[in-house]
Every structure is written in structure tokens, then in C-alpha cells.
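Visitor: Just to be clear, the model below is a prediction. Sequence and coordinates:
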Amino acid sequence: MTKAMGRRTPSTDANHRSNGGGRDGTASPYVDEPPVHRHRRGKIPHRVPKPFVAIACTAIIVSAFFLLNSVPTLYDRVTRSITRINLSKLEVGWSAAQDVSDHDRMVERGLRRIATSESDVRWMDENEISNIVRSGANFMDITDEDLDPVSSEYVPKTFEFPTTTSFQSITAAITANMSTSSLEAWFSAFSTNFRDRSFRSSAGSDASDWLFTQVIDASMNRPPRMKSKTQVEVKSFRHAWPQASVIARLDGKVDVAEWEQPAVVLAAHIDSEGLDGSSTSGNPDGAAVLFESYHALVASGFSPKRPIEFHWYAAHAGGLLGSQKITSEYRRAGKPVLGVLAVDPRRSLAGLSTRDSPEKDAPLERFLKRVVEDYSDGPWVGVKCGFACSDHISWRKAGYASALLADSATSAKTDDNPSVNMLRFAKLAIASAVELSLF
């Protein structure tokens, strides 16, 4: 059967009839073309000529081609920006991960990051650190990065300090009953019973526990009038090593929120020299002076206007580890501290550290010089301290005002009796605490 283009041919076979229907719904007799669906009003939809469609598509493609090649698209710009940002983040993240990984690998190998000066910082093993300890050189163990400036958003406040002393009568009443006998007794018990006070040893832990008990007992024996006016808190500050630090706080009951008033901190260390308990050197003069000062203040019933804290640090010989941990804790908590005075006598003439002090420490050191001149029977002599010479350096690195009350190895001794010299330091510590807590 033949069929012509555009013609509809009637079917002669009933089996080939289309299912399409006409207007009356009957089967269409035409099978060569699909049924035409008529639209409204019976009109056939208009069909666009194929040549016109081809020309339009070509024009669109050519225009798009020139547009894409002449002006970068927004998509390209955004894509490139996102790519740059992601690559930058990837590079920074990879670099940080590499640094952390390197630090962790060093620690896993048993190495510690030791600073012997502001510019000399190296990874060292146990033997190298022990050599530094035996040489008598000062150092800080900064492996844990406790005092890293970016580790805390809190910036310690700077406070004003008095330029003269004003509370001699109050100080004299507190120190009137102090004697060398109580100092000698406490010093002997601490140094004899705990010859090994290294921070890693069980004996060092026993020494800090004994000190904690002594401070608790002294606090319990305060007069009744002090119990009603002054809050006393004593706590053992635990570390990753056996020996703990001890903190005692005297806080006059005033109408301010806790920690709102800046504290005056007196500090000393309790551990002996050495890392493994093999050394029993390292006198506990500072710890004895600090305890005698605390005992005298509590026994007198003194109530401070600003809190006074007494810190006995562990792990001084390990690179100022104990003071770094506590300083870091105070900075993270945002606790205000007026100033820190480290007490480190070595049984000669009272003096004051003045070396490498930043400008913010100058007012505190000038005031302490005034205290030494007004309250001591010996002259003031400037003492050069050096890097990491005492635990006040931890506070200084964290941004707090701090200073060192030490002796002078370059001047003649005023007394051959070490107990007399320790008593002089205890009175200076009390005078400093009273003056700074009341002005």
C-alpha cells in the first residue's frame, strides 16, 4: 500500500483502525498519521518553522560565547574566591596540625621545652635538664605553654601603688611578739624531717601535705574577733606531679563580690633542688619566712581591706612549674592581683631585685624599696636577679606586677645568725602585706 506525504489514507483492514476518534468519538478510519488533538475552538496549534528555531539558537550560543570570553561571570568570581579561602584554611590548618604534631612527638619522646633566656629556647632531655640544675643556672620549663599570651583573653589590670608607708603602728602591733625561736623550730622541723622535698618524689608530697596541715592548724587558732571579720581559706593545689602547692587566703568581709578586690600575693617555694630526689640541697628559708608571716597575721586578728594570699609553690626546681600553673589558673579565671612579692632569702642582707623589670613593675619595686628602708634595720641594696631567678617571673610573664624580696650576696652580712635574718624578712613581708592591703 502506498501513501502520499500529508495525505490521510482510509484503511481497508479493520484490525488496523486507529483508536483515535473524531468529533463524535467514533474510530478514525485513518492510520498513517497520529490523531490530531484539536484545541479550543477546533484550531490546530501554531508551529514555529524549523529554520527560524535554528537561527535563534545559533544567535544565543554566539552571544553567550562572546559574553563568557569578555567578562568573567559572577559564578567564576565566587568560585575562585571560595577556592582561595578554602586553600588558605587548608594551609593554615595543615600548618597548625603539623606544629601540634611536632610538639606532641617531642613530648612523647620524653623531651621538655626549656627556656634559659628570652631568646634561648630548646627541646631537652632529662640529662640535659639535670646538667642545667647542677650548674645552678636558672631556667623555665614552658612545655605546657601555660603562660602563652594567646592562651587567655584576660589581660591583667594595672593598679597604682603607694609611694610612702602609712601603717607602721598596725605593723608594729602584729610583729611585736615575733621571735627567732618559733622560726627556728618550724625551720628545723621542715628541713630535718623532709630533707628530700623534690617535687617528683613521695617525700616531696609528704612535705607539702605536712605544710598544708601546719597552715590549717594556724588558721584554726585565730582569735574569735578575727573569725567574725575575716574569711580564711586554705587549699592544696594539686599538680600532675606528686608534690602539691599550698594557698592560704585572708579576706576581710566587705561588701564586694568575690575576687573583685585585687589580692596581695606573698610567695615562696617549698621544694628542694633536683628533679629525682637525689639532691637534698635547697634551703626552705622562704617557706619558713612565709609561714611565720602568715602565723603572725592570723594570730593578731588582722583583717585586711584587700585580700592577702600566701602561696607555697611546688616544682620551683623543675623550671618554675608550680607557679606557672597557678598563675595560669588565675589569669584564666580573671582573678585580679594587685601585686606579687616573692620572698627568697638566703640568710644575708635584705635587698630587692631590680634587674630586667618592665615599666609596669617599677612602681611596685619603688614602694618595696621604701618598705625596706622604713621597716628594716639594715640598708637596702639592689640585687640583680636574672632570667627565671624566682617564681615572681611567672606572674611577670603573665602580665601581673611582681617583684622579688631577696638578699644581697654582694654586701656584708649584718648578722651571722641566720634566724635573725629570716626574722627580718618575715617582718618585711608582713609590712608589705599590711601596707598594700590597707592603702
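Guide: The structure has been received and is ready for your questions.
Visitor: and H103, how many residues sit next to it?
Guide: 15 (other C-beta atoms under 10 Å). Glycine gets a C-beta too; all of them are placed from N, C-alpha and C.
Visitor: contacting residues for A207?
Guide: By C-beta atoms under 8 Å, 6 or more residues apart in numbering, A207 lies in contact with 190, 194, 197, 243, 270-271.
Visitor: tell me which element it falls in.
Guide: Taking DSSP states H and E as the criterion, A207 maps to helix 202-220.
Visitor: Ok, L290 next?
Guide: helix 285-300.
Visitor: quick one, helices of the chain?
Guide: Here the chain has its helices, by DSSP state H, at 50-70, 74-108, 126-135, 168-175, 180-193, 202-220, 224-229, 285-300, 321-333, 362-375, 392-397, 418-438.
Visitor: Now do the fifth one and helix 202-220, the angle between them.
Guide: Between the direction of helix 180-193 and that of helix 202-220, the angle (axes from the mean of the first three to the mean of the last three C-alpha atoms, to 10 degrees) works out to 150 degrees.
Visitor: and if you look at the fourth one?
Guide: The directions of helix 168-175 and helix 202-220 differ by 120 degrees, with the same axes, to 10 degrees as the criterion.
Visitor: returning to what we had before: quick one: buried residues of the helix holding A207?
Guide: 203-209, 211-212, 214-216, 218-219 (16 or more other C-beta atoms under 10 Å).
Visitor: Format those residues as TSV; extra columns: distance to I170 and pLDDT.
Guide: TSV is the format used below for the buried residues of helix 202-220 (distance: C-beta to C-beta, whole Å; pLDDT from 0 to 100):
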residue	distance to I170	pLDDT
A203	40	92
G204	37	93
S205	38	95
D206	37	96
A207	33	95
S208	32	96
D209	34	97
L211	27	97
F212	29	98
Q214	25	97
V215	23	98
I216	26	97
A218	20	95
S219	20	94
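Visitor: in the stretch 1-150 of the chain, what spans have low per-residue confidence?
Guide: Residue ranges of the stretch 1-150 of the chain with pLDDT under 70: 1-54, 62-100, 149-150.
Visitor: So which bits of stretch 103-120 are buried?
Guide: Buried residues in stretch 103-120, counted by 16+ other C-beta under 10 Å: 111-116.
Visitor: same question, stretch 168-178
Guide: 170-171, 174-175, 178.
Visitor: Need the max-distance pair from the contacts of A207.
Guide: Greatest spatial distance among the contacts of A207 (C-beta to C-beta): F190 and Q243, at 13.6 Å.
Visitor: neighbour-wise, which of these two wins?
Guide: Q243 (27 against 20).
Visitor: got the angle for the helix holding A207 vs helix 285-300?
Guide: Using the same axes, to 10 degrees: helix 202-220 against helix 285-300 is 20 degrees.
Visitor: M106 and R113, how far apart?
Guide: Taking C-beta to C-beta, to the nearest Å as the measure, M106 falls 7 Å from R113.
Visitor: shared neighbours of these two, anything?
Guide: W123.
Visitor: Could you pull up the mean pLDDT of stretch 261-270?
Guide: Taken as a whole, stretch 261-270 carries a mean pLDDT of 95.
Visitor: Kindly export it (C-alpha atoms) in PDB.
Guide: Extracted C-alpha coordinates of stretch 261-270, given in PDB (Å, rounded to 0.1, in the frame of the first residue of the first chain):
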ATOM      1  CA  GLN A 261      39.200  43.300  95.200                       C
ATOM      2  CA  PRO A 262      42.700  42.700  93.900                       C
ATOM      3  CA  ALA A 263      44.700  40.400  96.100                       C
ATOM      4  CA  VAL A 264      48.200  41.000  97.500                       C
ATOM      5  CA  VAL A 265      50.300  37.800  97.000                       C
ATOM      6  CA  LEU A 266      53.300  36.700  99.000                       C
ATOM      7  CA  ALA A 267      55.100  33.700  97.600                       C
ATOM      8  CA  ALA A 268      57.900  31.200  98.200                       C
ATOM      9  CA  HIS A 269      58.800  27.700  97.000                       C
ATOM     10  CA  ILE A 270      58.900  24.500  99.100                       C
END
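Visitor: For the residue nearest to A342 when sequence neighbours are not counted, give me its contacts.
Guide: Excluding the flanking residues, the one nearest A342 by C-beta to C-beta, 6 or more residues apart in numbering is H392, at 3.8 Å. By C-beta under 8 Å, 6+ apart, the residues touching H392 are 267, 323, 340-342, 353, 402-404.
Visitor: Repeat the analysis, applying 10 Å as the threshold.
Guide: H392 makes contacts with 265, 267, 320, 323, 327, 339-344, 353, 361, 385, 400-406, as judged by C-beta atoms under 10 Å, 6 or more residues apart in numbering.
Visitor: Which one of the buried residues of stretch 103-120 is nearest to N421?
Guide: Using C-beta to C-beta, T116 comes nearest to N421 of the buried residues of stretch 103-120, at 29.9 Å.
Visitor: Apart from its chain neighbours, what residue comes closest to that closest one?
Guide: Per C-beta to C-beta, 6+ apart, closest to T116 is F139, 4.9 Å.
Visitor: what separates V337 from A403, distance-wise?
Guide: The gap separating V337 from A403 is 13 Å, by C-beta to C-beta.
Visitor: just S101 next, same as before
Guide: 40 Å.
Visitor: Between those two, point out the one with more neighbours.
Guide: A403 (27 against 10).
Visitor: what's the distance between that one and E365?
Guide: Between A403 and E365 the distance is 5 Å, computed by C-beta to C-beta.
Visitor: Closest to R306 out of the contacts of A207?
Guide: Nearest to R306 among the contacts of A207 is I270, at 24.9 Å by C-beta to C-beta.
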